[in-house]
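Asks: Fold the following for me, if possible:
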Amino acid sequence: MIKNKRKIRILNIIFEAIKLRKVWWFTAWSRTEERFARTSLGSFWLGLSNLLSISLLSVVYGTVFKVDNFNKYVVYLGLGMVLWSSISTSIGSAPNLLIQNEIKIKNTNINILFYPFEEWSFQLHNFIQSFLIVFFALIFFDSSIFINFFIAILPLFNFLIFMFWCPLLICLLGVRFRDIYQLVPILLQLTFLLSPILYMKENLGKLIWIVNLNPIYLVISQLRDSIIEGRVNFIPIIGVLFMNFIGVIFSLLYLNRLRSKIPFLL
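Replies: Below you'll find the model as predicted:
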């Protein structure tokens, strides 16, 4: 009976938040518009900033690592950087998400899940605009990635789901443990250095086992490799899909457990 009640509560929380999808989608879009208000290029800056970083890093690290195929390396680094930027921004903004909405949470009856959904939508807007600009620029270096992208639907789905549940879990932990705000940037920096984003994973040598313990890199690499290679490795992708399923369930269970305490923890 207790388990059934919990399931019903969780489903109610989800359905209530989904009913407000037009609201959190609109407010997320408004945040994006506000961010680039009065600028000449508008949200084009999202992709332009990534293009500038990719251009500089590809020249520098392409020279340092003495890559044989520069065009292939630009695509590899470019996709890695734009995907990493989206996930790291989502996770980096998560610890303070509910804290920033403290007044709204304490003075309204809006579903708590509304705020993670709104943030996910905001990050999704940024990701789409940034990714498309970088992606079409990278087509000049490897035209095959345009067709390959349509093969990478399942890895893309995994990527977007991870962008939702991981920040959700972190924002809930950030309410309970304020040290999370200080810890997350450090972990993100270490994760980036240990992730084959700027270099090939083969360069890790005997330390290549670290890659398999890095969920962020697994999500990024499966999408990047599918776009570059034009094929999907279903077994590891199903493994990440299962990880996402567990992550979504666990984060929602933790939300249900912490829901009544959140106003008092803020």
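Asks: In contact with T39, which residues are there?
Replies: Going by Cβ atoms under 8 Å, 6 or more residues apart in numbering, T39 touches W45. Quick note: C-beta positions are derived from backbone N, CA and C, even for glycine.
Asks: nope, N71 is what I meant
Replies: Taking Cβ under 8 Å, 6+ apart as the contact definition, N71 lies against 141-142.
Asks: so how far is L83 from it?
Replies: Between N71 and L83 the computed distance is 19 Å (Cβ to Cβ, to the nearest Å).
Asks: can you check D68 too?
Replies: Taken as Cβ to Cβ, the span from D68 to L83 is 23 Å.
Asks: Same question for L198.
Replies: Going from L198 to L83 by Cβ to Cβ gives 13 Å.
Asks: more crowded one of those two?
Replies: When neighbours are counted by other Cβ atoms under 10 Å, L198 and L83 differ, and L83 comes out ahead with 25 against 21.
Asks: residues touching the more buried one, list them.
Replies: Taking Cβ under 8 Å, 6+ apart as the criterion, L83 is in contact with 131, 159, 220, 223-224.
Asks: Narrow those to those in helices?
Replies: By the criterion of DSSP state H, membership of the contacts of L83 in helices covers 131, 159, 220, 223-224.
Asks: so which of these comes closest to E119?
Replies: Using Cβ to Cβ, F159 is the member of these that sits closest to E119, with 16.2 Å.
Asks: Can you name the residues that contact the closest one?
Replies: For F159, the contact set (Cβ under 8 Å, 6+ apart) comprises 83, 87, 219-220, 223.
Asks: cool, and S86?
Replies: 123, 126-127, 130-131, 163.
Asks: Is the residue most central in space within the chain within a helix or a strand, and which one?
Replies: When the chain is reduced to its mean C-alpha position, the closest residue under Cα atoms, centre = their mean turns out to be I87, at 2.8 Å. Counting by DSSP states H and E, the secondary-structure element that holds I87 is helix 70-92.
Asks: Show me which residues of that helix are buried.
Replies: Across helix 70-92, burial judged by 16 or more other Cβ atoms under 10 Å covers 73-92.
Asks: Before I go, just wanted to say thanks for your time.
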